[in-house]
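Asker: sequence below, structure please.
(chains A and B)
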Amino acid sequence: MKIKYNLLKEEKETKARLGTIETNYGTYDTPMFMPVGTRASVKGLSPDELYDLKAGIILANTYHLWLRPGEDLINEAGGLHKFMNYKGPILTDSGGFQVFSLARPKDITEEGVKFKSHIDGTKLFLTPEKSIEIQNKLDSDIAMSFDECIPYPATYEYSKESVLRTLRWAKRGKDVFNNPRQSLFGIVQGSDYEDLRKLSAEELSKMDFDGYSIGGTSVGENKETMYRMVSYSTKYLPKDKVRYLMGVGDPIDIIEGVIRGVDIFDCVLPTRIARHGNAFTKYGKINLKNSKFKHDFTKLEDDCDCYACKNFTKAYIRHLITLDEMLGARLLSIHNIRFLIRLTEDLRECIKNDNILEYKEKFIKNYYGDIDYLSKKTTGQGD
RNA sequence: AUGGAAUUGGUGAAGUGGUUAACACGCUAGAUUGUGGCUCUAGUAUGCAAGGGUUCGAUCCCCUUAUUCCAUC
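Answerer: Residues are numbered from 1 along each chain as shown, chains lettered A, B, ... in the order given. Take a look at the predicted model:
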């Protein structure tokens, strides 16, 4: 079946939306956070552990699975769900983002994108049709259109050219799309130009996708700019379809995104920083490698219900991380993903109670203290 | 006891009669946003066993002492 979005309530003072999304594998509440499992695995975690975290949709990556093990092998296994034994919904990214990090501008043509494999340097060519064909075979629940994610800053001329091309690519992908149990999303681009975001969102809407993504954020702009890009996008998207802000998962960015009408987020941040020894807490991110935690026999967070917080101390997790024991990264991944999912649970309550701005103020005060987070730069990828 | 060799940071070590003593590990911090999987960035010896001497200048040359290792009795 195609996914179905049900809008239940809008928050009184903001554009925040409470809703549900019906999928092949159950109905889930939004706003929601999707853990990332690039290569058909959320690094270090089993499906059972993901269910315990109350994860709903997870993300896998077309580009990576295309190269290894190949879409035909996964098709032979009976599709992505059977292959990895995940009994929840799966969304596949289109490979557009890898283009952004692996290709050079001159390799992008109307037909598709030339780039080199990050594994062995093999020359590769990806087109909108090819991306969709792979995703159809992977048999994920939601496929993404193949888009161009441009760096920031970008000139108006280049941004416009790119937006128009991405629109043509979206149309081409949709035309060859042929998996009836799969849904297809379009991706809004347009850098930080409101008229381009508007053009992108409106043209995609005319094509009637099953949901819409916001791409091209978190590519080197500051947070204030990112929030503007999000506003420019949700403003022109239909209310009866789900909105997904791609690649965003800093806690405050999730809050700001929800306030601007975003329903779904995904991000590698919780698992990546976990592997590097960091944990989200409501009083800011902490680095367990810091010597101050050596004798700290308290939990990561007192009120967290995750397996790591229920069973282990900071001193122990620090010990695991400093010695590079696998369990350390696993425990921090569990905690960090649960932290973001709990955040979305809180935000859903706030939408019901019409007090999301209060929640945000309190969150920022706890998390950032006096830090001016709005001027913080997002990471410039692809360099 | 005699002869020989050595002694450089927390560790393994490179090195030179003359601006900031290489590198690695460790340690201390920081980074990380549609994942190029243990990554990246920065800091980390006012010091070259101790004392004395030669020299414009010594970690580097000489002497004494201490310690360690090897060989022989």
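Asker: not counting sequence-adjacent ones, nearest residue to A:Phe280?
Answerer: Leaving aside its chain neighbours, A:Phe280 sits nearest to A:Phe339 (4.2 Å; criterion: Cβ to Cβ, 6 or more residues apart in numbering). Bear in mind the C-beta positions are built from the backbone N, C-alpha and C, glycine included.
Asker: report the contact partners of the one you found.
Answerer: A:Pro251, A:Pro270, A:Ala279, A:Phe280, A:Thr281, A:Glu301, A:Cys304, A:Cys306 (Cβ atoms under 8 Å, 6 or more residues apart in numbering).
Asker: which one of these is nearest RNA strand B?
Answerer: A:Pro270 (7.8 Å; Cβ to the nearest atom of the strand).
Asker: now do the host helix or strand of A:Glu161: which elements does it pack against?
Answerer: Using DSSP states H and E, A:Glu161 sits in helix A:156-176. With contacts defined as 3 or more Cβ pairs under 8 Å, 6 or more residues apart in numbering; DSSP states H and E, helix A:156-176 has these neighbours: helix A:128-138, strand A:183-188, helix A:194-207.
Asker: related to what we said a few turns ago, doesn't the residue nearest to A:Phe280 belong to a helix?
Answerer: Yes - according to DSSP: H, G, I helix; E, B strand; the rest coil, A:Phe339 belongs to a helix.
Asker: list the buried ones in stretch A:282-295?
Answerer: A:Lys282, A:Ile286, A:Leu288, A:Phe293 (16 or more other Cβ atoms under 10 Å).
Asker: whoops, I mixed them up, stretch A:16-28
Answerer: A:Ala16, A:Arg17, A:Leu18, A:Gly19, A:Thr20, A:Ile21, A:Thr23, A:Asn24, A:Tyr28.
Asker: does the third one touch A:Asn6 like I think?
Answerer: Just to be clear, that refers to A:Leu18. No - with contacts counted by Cβ atoms under 8 Å, A:Leu18 stays clear of A:Asn6, the gap being 9.7 Å.
Asker: check contacts around the residue lying farthest from the centre of chain A.
Answerer: What lies farthest from the middle of chain A is A:His295; by Cα atoms, centre = their mean that is 35.4 Å. Contacts for A:His295 (Cβ under 8 Å, 6+ apart) come out as A:Ala315.
Asker: any idea which helix or strand carries it?
Answerer: Per DSSP H and E, there is no helix or strand for A:His295.
Asker: quick check: phi and psi at it.
Answerer: Here is the backbone geometry of A:His295 (degrees, to the nearest 10): phi -110, psi 20.
Asker: what's the end-to-end length of stretch A:135-142?
Answerer: 9 Å (Cα to Cα, to the nearest Å).
Asker: that stretch and RNA strand B in contact?
Answerer: No - Stretch A:135-142 does not reach RNA strand B (Cβ under 7 Å from any atom of the strand); its nearest approach is 11.7 Å.
Asker: dump the helix-or-strand element of chain A with minimal mean pLDDT to CSV, restricted to CA.
Answerer: Lowest on mean pLDDT, DSSP states H and E among the helices and strands of chain A sits helix A:96-102, with a mean of 83. C-alpha atoms of helix A:96-102 as CSV (Å, rounded to 0.1, in the frame of the first residue of the first chain):
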residue,chain,number,x,y,z
GLY,A,96,21.4,12.0,-4.4
PHE,A,97,23.3,12.9,-1.3
GLN,A,98,26.3,10.7,-2.3
VAL,A,99,26.4,12.6,-5.5
PHE,A,100,26.8,15.7,-3.4
SER,A,101,29.8,14.2,-1.5
LEU,A,102,31.4,12.1,-4.3
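Asker: buried residues in that helix?
Answerer: A:Gly96, A:Phe97, A:Gln98, A:Val99, A:Phe100, A:Leu102.
Asker: tell me the contacts of A:Gly247?
Answerer: A:Phe97, A:Gly215, A:Thr217, A:Ser218, A:Asp266, A:Cys267, A:Val268.
Asker: taking the stretch 51-200 of chain A, what residue is nearest to RNA strand B?
Answerer: For the stretch 51-200 of chain A, Cβ to the nearest atom of the strand, closest residue to RNA strand B: A:Cys149, 2.2 Å.
Asker: how about that residue: what's its closest non-neighbour residue?
Answerer: With Cβ to Cβ, 6+ apart, the residue lying closest to A:Cys149 is A:Phe100, at 4.1 Å.
Asker: what sits against A:Trp242?
Answerer: For residue A:242 the amino acid is Val, not Trp. Neighbours of A:Val242 in contact, by Cβ under 8 Å, 6+ apart: A:Ile3, A:Tyr5, A:Gly19, A:Ile21, A:Thr30, A:Gly211, A:Tyr212, A:Asp263, A:Ile264.
Asker: roughly how far apart are it and A:Ser94?
Answerer: In this view, A:Val242 and A:Ser94 are 17 Å apart by Cβ to Cβ, to the nearest Å.
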